[in-house]
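S.K.: Sequence below, structure please.
(2 chains)
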Amino acid sequence: MLTKAPRGTYDILPQDSIKWQYIESIMKETAEIFGYREIRVPIFEHTELFQRGVGETTDIVSKEMYTFNDKSGRSLTLRPEGTASCVRALIEHSSYAGLLPVKWYYMGPMFRYDRPQTGRYRQFHQFGAEAFGSNNPYLDGEVIMLLLEILARLGLEEYELHLNSVGCPQCRGRYRQKLIDYIQPYQDNLCPDCQARYINNPLRVLDCKNEACHQAIEGYPTLADHLCENCLEHYEQVKGALAQQGILFIHDDGLVRGLDYYTNTAFEIHIPGIGAQSAVGGGGRYNGLVEQCGGPDLPGIGFALGLERLLLAVEKKGEMLLPPPEIDVFVAVMDSAYEAQGMKILQALRGAGIKAEKDYNQRKARAQMKFADKIGARLVLFLGEEEVQKGFVTLRNMRSKEQFQVAENDLLRAVSRTLLID
RNA sequence: UUGGGUGUAGCUCAGUUGGCUAGAGCACCAGAUUGUGGCUCUGGGGGCCGUGGGUUCGAGUCCCAUCAUCCACCCCA
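M.R.: Next up is the predicted model:
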């Protein structure tokens, strides 16, 4: 236990962290191009924030939160998602009082107590973006376009964009009742889960994977057909904004999203071939959330991407162009008597921005060469008796095997030049 | 919660119907080359065979339990 990471967590070792840095840099860069700025929020928050912000009836709040009491008895929760914290920060700092919309992105670990499987962990990572203060359907379009641009820059072309509108509290409420009334006569044919939840959460029955449930409610009234005038118009405009850009999407009546705060636009991105958890990202509009969390009546929209799943997809494509690990100069000291001098040279090289390394395990010359080779050294610098006495060093180009001597005071220039022309 | 698979060296895995001191490849270290890499050869270090019980003269192998892990279900990123 002592030597094992907790269930659902894992280490990212250097050979993998380089891949994370790669996709993270692409996401940041893309978000910045779209005018989003980074916000960093705490990894834990007051439990009430998520209860209120995410919704008591959601799976996340009802069974997946990492909640604990701190030493003063406050109930805190490791964040299961990022939107609630952004909303809290927006209100706390009155960020809405300035220029609107406020456009933020964030990145980091999230925590949900769930059963791990391919692409799902208890500590997982999300990149998210949020835009507050505009209900313009083109902003819905922008948010989706940002998500798709990130996928494009990662070389991911095979995906499905699912789209739906979950309306506003008014039309969704009316529709909800209608759906319950429709399902009621068939309730005996539903799976146990759905029988239990169709009253409280009838929308959930729609995307139940159980085939029996599907058949039992076939021909059910759809939300899209029951949107109020405003919501319908908004949805049409969002679809128009996407179509205008040639973005293909699938209208999905069953897409209701797991979080309570969504209004109007809801979307999800699926990538096939990365396991059963194919949703790499999802989001939507949440026009009542800011007010519900104690702020002004301010609309919002955002999305989150699952980095583990994205990485699975990128690796499956095998198109990550990562530079091989390389060291510019390996300083080989022929005798421990010259180690101090070797350190001096090492420090001078590094000070000039040259990636330099040396041996710290008393290896003999031959072993140092092997070591230098394995870490990808382009040049090896020899420091032995002759060099020290005559005040020069020997440089060996590991690729061409050429070897030459340079005066110590000419070292930086010689190394730089050699690295450049090689 | 539920179902199935898998736990043997740092990694990937062999290990026969229970029967010698538990193996291989890769990796690591050393030597062949006492100041010079990649290839090759030789040698070396490393294993509570997941854990605990049971059956047996004898268990890595069979039985039970437990833990871990993977995949799926649920749901989602």
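S.K.: which stretches of chain A have low pLDDT?
M.R.: A:1, A:192, A:207-211, A:258-259 (pLDDT under 70).
S.K.: rerun that using 90 as the cut-off
M.R.: Flagging of chain A using pLDDT under 90 yields the residue ranges A:1-7, A:15, A:55-59, A:62-63, A:169-226, A:253-262, A:316-326, A:362, A:421-422.
S.K.: quick one, domains of it?
M.R.: A:14-168+A:228-317, A:327-421 (automatic domain parsing).
S.K.: just how off-centre is the first one within its chain?
M.R.: Looking back up the chat, that one is domain A:14-168+A:228-317. 10 Å (Cα atoms, centre = their mean, to the nearest Å).
S.K.: Also the last one?
M.R.: Taking Cα atoms, centre = their mean, one finds the center of domain A:327-421 at 40 Å from the center of the full chain.
S.K.: which SS class is residue A:107?
M.R.: Three-state assignment for residue A:107 (DSSP: H, G, I helix; E, B strand; the rest coil): strand.
S.K.: Surely it and residue A:23 touch.
M.R.: No: with contact defined as Cβ atoms under 8 Å, residue A:107 does not count as touching residue A:23 (10.1 Å). Where C-beta positions appear, they are placed from N, C-alpha and C, glycine not excepted.
S.K.: so what sits against both of these two?
M.R.: residue A:307 (Cβ atoms under 8 Å, 6 or more residues apart in numbering).
S.K.: Tell me the spacing between the residue nearest to residue A:111 when sequence neighbours are not counted and residue A:44.
M.R.: Nearest non-adjacent residue to residue A:111, counting by Cβ to Cβ, 6 or more residues apart in numbering: residue A:78, 3.9 Å away. Using Cβ to Cβ, to the nearest Å, residue A:78 is found at 5 Å from residue A:44.
S.K.: Same question for residue A:236.
M.R.: 41 Å.
S.K.: between those two, which one's more packed in?
M.R.: The residue with more neighbours, out of residue A:236 and residue A:44, is residue A:44; 16 against 13, by other Cβ atoms under 10 Å.
S.K.: tell me the contacts of the more buried one?
M.R.: Counted by Cβ under 8 Å, 6+ apart, residue A:44 has contacts A:76, A:77, A:78, A:79.
S.K.: Compile those residues into CSV and extend it with columns for distance to RNA strand B and neighbour count.
M.R.: Formatted as CSV, the contacts of residue A:44 follow (distance: Cβ to the nearest atom of the strand, whole Å; neighbours: other Cβ atoms under 10 Å):
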residue, distance to RNA strand B, neighbour count
A:76, 20, 16
A:77, 15, 21
A:78, 13, 20
A:79, 12, 25
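S.K.: Quick check: of the residues you listed, which lies closest to residue A:198?
M.R.: Nearest to residue A:198 out of those is residue A:77 (Cβ to Cβ; 28.9 Å).
S.K.: Okay, and the closest one sits in which element?
M.R.: Taking DSSP states H and E as the criterion, residue A:77 maps to strand A:75-78.
S.K.: Check residue A:140 too.
M.R.: Residue A:140 belongs to helix A:137-153, assigned by DSSP H and E.
S.K.: which parts of that helix are buried?
M.R.: A:137, A:139-151 (16 or more other Cβ atoms under 10 Å).
S.K.: what about residue A:381, is that helix, strand or coil?
M.R.: Under three-state DSSP, the three-state class of residue A:381 is strand.
S.K.: actually residue A:115, not the one I wrote
M.R.: Per three-state DSSP, residue A:115 ends up coil.
S.K.: Could you check how far it is from RNA strand B?
M.R.: 4 Å (Cβ to the nearest atom of the strand, to the nearest Å).
S.K.: How many residues are close by that residue?
M.R.: Residue A:115 has 8 neighbours, counted by other Cβ under 10 Å.
S.K.: Next: residue A:162.
M.R.: With other Cβ under 10 Å as criterion, residue A:162 counts 17.
S.K.: Would you confirm that it contacts residue A:270?
M.R.: Yes: checked against Cβ under 8 Å, the pair residue A:162 and residue A:270 is within contact range at 6.8 Å.
S.K.: I'd like to know how far residue A:113 sits from RNA strand B.
M.R.: 9 Å.
S.K.: what's that residue in contact with, if anything?
M.R.: A:63, A:64, A:65, A:66, A:122.
S.K.: now the top helix by length along chain A against helix A:137-153, angle please.
M.R.: For chain A, the longest helix by residue count, based on DSSP state H, is helix A:14-33. Orientation check (axes from the mean of the first three to the mean of the last three Cα atoms, to 10 degrees): helix A:14-33 against helix A:137-153 gives 150 degrees.
S.K.: How about residues contacting helix A:14-33?
M.R.: Applying Cβ under 8 Å, 6+ apart, the external contacts of helix A:14-33 come out as A:12, A:38, A:105, A:107, A:127, A:129, A:146, A:149-150, A:153-154, A:305, A:307, A:310-311, A:314-315, A:320, A:322.
S.K.: Buried residues, that helix. List them.
M.R.: A:22, A:23, A:26, A:27, A:28, A:30, A:31.
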